[in-house]
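Student: everything below, folded, please.
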Amino acid sequence: MARPVEHEQPSKQKRPQKMAHLVGGAMSGMTSCIMLQPLDLIKTRLQQSTHDVSLLDTTKHLRKRNTMLTTVQDIVKTNGAAGLWRGTLPTIVRNVPGTAIYFTTLSEIRNAIVVSRPTWQPVLSRVTGISYKKQENYENLIAGITARGAVGYILMPFTVLKVRYESNMYNYGSMLEAFRSVIKYDGIRGLFAGYGATFIRDAPFAGIYLFFYEHWKTMANGWKSQYDVPVANVAVNLGAGFVAGTTATCITQPFDMMKTRMQLDPHIYPNILATARRVFLEDGIKGFFDGLSLRLARKPLSSAISWAIYEEVVRSFAKRESLSQTAL
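Tutor: Purely as a prediction, here's the structure:
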């Protein structure tokens with residue numbers, strides 16, 4: 001039987017205030033959006049390209065796929081270099097408050113898990129034989145999945161409008177035009193198109209990412225302390241974030257591709273099963289990994305930047321609060 005351990009209630013003085021999580025999340029979201037929007041736009045266009053051609057020609061060998069280079073050339077030719085940042089506003093509208101809410105929600109969930117440990121840990125340990133330490137290792141996985149699933153649903157309409165706006169299938173002139181079009185042709189339900197695939201992609205991604213992020217960060221900090229290596233905390237966080245992001249991105253890529261198809265044309269791709277079947281018949285297994293290279297270029301960087309900035313902001317708030325309490 002696992003050896004009982006003492007549980008400490010989180011101290012309000014030691015726990016950064018909610019404002020720290022909101023500000024840290026908002027700043028990390030804004031930075032990531034502006035820096036990486038071109039990669040997000042190109043990924044949407046690449047995932048769309050196979051769908052466009054399949055509507056015109058069902059003969060496999062006659063299809064011509066767009067590449068990253070031809071996609072960039074087409075965007076620049078049509079809208080100039082600034083066109084690479086098309087969709088930045090809806091991305092910011094979605095991601096900045098979304099990231100702030102996510103980090104705040106995640107903090108509350110993780111704190112609730114810690115507070116409730118004395119209630120459920122002994123029971124789970126007796127029933128499963130899993131040690132307290134192993135249980136705690138998976139807390140991040142559960143917290144990440146729960147927080148991302150809840151926040152993702154709230155922000156789903158912004159995600160749909162963002163994908164439609166970035167796509168050149170519609171060429172909307174504004175977010176308002178995109179909203180009116182979705183409501184007119186797909187109704188309120190259209191604003192939540194692809195949520196199933198989004199949840200299956202984002203919720204596991206958040207959980208898997210957080211699991212590996214904390215694992216690699218702990219290992220790196222242990223190595224840094226053991227060998228007395230002068231590495232900044234932000235460098236450790238960036239490195240752990242990039243490795244964790246790469247792992248989670250590869251595992252969840254098929255759902256990212258299906259989500260994009262479902263949001264672009266919910267009539268042809270009404271649900272996950274129908275989308276998976278159509279993609280497999282048209283392109284085989286490799287079709288599920290359309291846009292992986294772009295997502296690998298963007299998602300690990302985005303996650304690493306977001307978490308590094310977020311943790312630095314929270315640490316800054318904690319230091320300031322500690323100094324103010326000391327002064328008193």
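Student: every contact and neighbour count from this point should use C-alpha atoms.
Tutor: Fine.
Student: so who does the residue nearest to residue 72 when sequence neighbours are not counted touch?
Tutor: Once flanking residues are discounted, residue 72 sits nearest to residue 42: 7.0 Å by Cα to Cα, 6 or more residues apart in numbering. Applying Cα atoms under 8 Å, 6 or more residues apart in numbering, we find residue 42 in contact with 68, 71, 72, 84, 294.
Student: quick check: the farthest pair among those?
Tutor: Comparing all pairs in the contacts of residue 42 by Cα to Cα, the longest separation belongs to 84 and 294, at 13.9 Å.
Student: so those two - more neighbours on which side?
Tutor: Comparing residue 84 with residue 294 by neighbour count (other Cα atoms under 10 Å), the higher total belongs to residue 84, at 20 against 17.
Student: I'd like the distance between that one and residue 256.
Tutor: 20 Å (Cα to Cα, to the nearest Å).
Student: residue 316 too?
Tutor: When distances are taken as Cα to Cα, residue 316 and residue 256 turn out to be 34 Å apart.
Student: the two: who's more crowded?
Tutor: A direct count of neighbours by other Cα under 10 Å for residue 316 and residue 256 places residue 256 higher, at 25 against 15.
Student: which parts of the stretch 1-150 of the chain are helices?
Tutor: 18-56, 68-79, 88-128, 132-137, 139-154 (DSSP state H, counting those that start in this stretch).
Student: of the ones you listed, give the one that comes closest to residue 272.
Tutor: Across these, the minimum distance to residue 272, taken as Cα to Cα, is reached by helix 18-56, at 15.4 Å.
Student: any idea how far the closest one is from the chain center?
Tutor: Using Cα atoms, centre = their mean, to the nearest Å, the mean C-alpha position of helix 18-56 is found 9 Å from that of the whole chain.
Student: how about that helix: buried residues?
Tutor: Using 16 or more other Cα atoms under 10 Å as the burial criterion, the residues of helix 18-56 that qualify are 20-33, 36-51, 53.
Student: before we move on, what about stretch 207-225?
Tutor: 207-214, 216-217, 220-221, 224.
Student: cool, and stretch 140-160?
Tutor: Burial within stretch 140-160, assessed by neighbour count using 16+ other Cα under 10 Å, is assigned to 140-149, 151-152, 155-160.
Student: what's it in contact with?
Tutor: The contact list for stretch 140-160 (Cα under 8 Å, 6+ apart) reads 90-91, 93-94, 98, 101-102, 105-106, 109-110, 191-193, 195, 198-199, 202-211, 263.
Student: residue 237 against residue 309, yeah?
Tutor: No - with the criterion set as Cα atoms under 8 Å, residue 237 and residue 309 do not qualify as a contacting pair; they are 9.1 Å apart.
Student: state the helix or strand in which residue 207 lies.
Tutor: Under the assignment given by DSSP states H and E, the secondary-structure element containing residue 207 is helix 195-227.
Student: ok, residue 130 to residue 234 distance?
Tutor: Taking Cα to Cα, one finds residue 130 at 33 Å from residue 234.
Student: also residue 293?
Tutor: Look at residue 293 and residue 234: by Cα to Cα, they are 26 Å apart.
Student: the two: which is more packed in?
Tutor: residue 234 (16 against 13).
Student: pLDDT score assigned to that one?
Tutor: Per-residue confidence (pLDDT) for residue 234: 88.
Student: find the nearest non-adjacent residue to it, please.
Tutor: residue 308 (5.7 Å).
Student: chain neighbours aside, what residue packs nearest to the residue nearest the centre of the chain?
Tutor: Nearest residue to the geometric centre of the chain (Cα atoms, centre = their mean): residue 202, 5.5 Å. Counting by Cα to Cα, 6+ apart, residue 202 lies nearest to residue 148, which is 6.5 Å off, once chain neighbours are set aside.
Student: same deal with residue 266?
Tutor: Nearest non-adjacent residue to residue 266, counting by Cα to Cα, 6+ apart: residue 193, 6.5 Å away.
Student: wait, that neighbour touches residue 262, no?
Tutor: Yes - with contact defined as Cα under 8 Å, residue 193 reaches residue 262; the gap is 6.3 Å.
Student: what touches both of the two?
Tutor: Taking Cα under 8 Å, 6+ apart as the contact criterion, the residues that touch both residue 193 and residue 262 are residue 270.
Student: and residue 269, helix, strand or coil?
Tutor: Three-state secondary structure (criterion: DSSP: H, G, I helix; E, B strand; the rest coil) places residue 269 in coil.
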